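In: Make a model of this:
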Amino acid sequence: MLKNIQEWVLLLVIVGVSGLVGNWVGYDVFPLTALPGMAVLIGICLAGFILKEIIPLNFPSIAYISIIGVVVSMPWFPGSDKVVEWTTQVQLLALTTPILAYAGIAIGRSWSDFVKLGWRTLIVASLVMIGTFLGSAVIAEMILGFQGII
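Out: Here you go, the predicted model:
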């Protein structure tokens, strides 16, 4: 399990640093300002991964991570005001890019496998992503228009 923890820490630190850079570039939040919040988020994720391994239930790690995140941000939890203050400095969209990039690489398993898929797969994947984005934008536009927000 120690090897898994080392791999998790490395992965979470890479995503954390990428998220801090994205947070800085996209939202003008200096990395040192967002660092405590990112450290809290990394700690919560790591605790969720460890609980998944320790507890002998068929329960996904994302559920443990979510439960821990909710508990540590509850007003009755000691230090929750600091946890909320720090984590609000980390913008959610700044985290999605490195996470989705990692997921894309993990699905392909490796770059050599990705290359073997061929150029047709790249075109299909691009069209699917463009269609998903445009469909989401149209739905959001309609709903926000109905609500009078835009």
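In: I'd like the next helix or strand past the worst-scoring helix or strand of the chain on mean pLDDT.
Out: Least confident helix or strand of the chain, by mean pLDDT, DSSP states H and E, is helix 111-116 with a mean of 66. Once helix 111-116 ends, the next helix or strand along the chain (criterion: DSSP states H and E) is helix 119-147.
In: what's the offset of that next one from the middle of its chain?
Out: 20 Å (C-alpha atoms, centre = their mean, to the nearest Å).
In: tell me the mean pLDDT over it?
Out: The pLDDT scores in helix 119-147 average 83.
In: check which helix or strand covers residue 44.
Out: Element membership for residue 44 (DSSP H and E) is helix 31-54.
In: Going by neighbour count, which residues of that helix are buried?
Out: Residues of helix 31-54 classed as buried by neighbour count (16 or more other C-beta atoms under 10 Å): 34-38, 40-42, 44-52. No exception for glycine: its C-beta is placed from N, CA and C like everyone else's.
In: what's the angle from the following helix or strand past it to helix 31-54?
Out: Proceeding N to C from helix 31-54, the next assigned helix or strand is helix 61-73, under DSSP H and E. Counting by axes from the mean of the first three to the mean of the last three C-alpha atoms, to 10 degrees, helix 61-73 lies at 120 degrees to helix 31-54.
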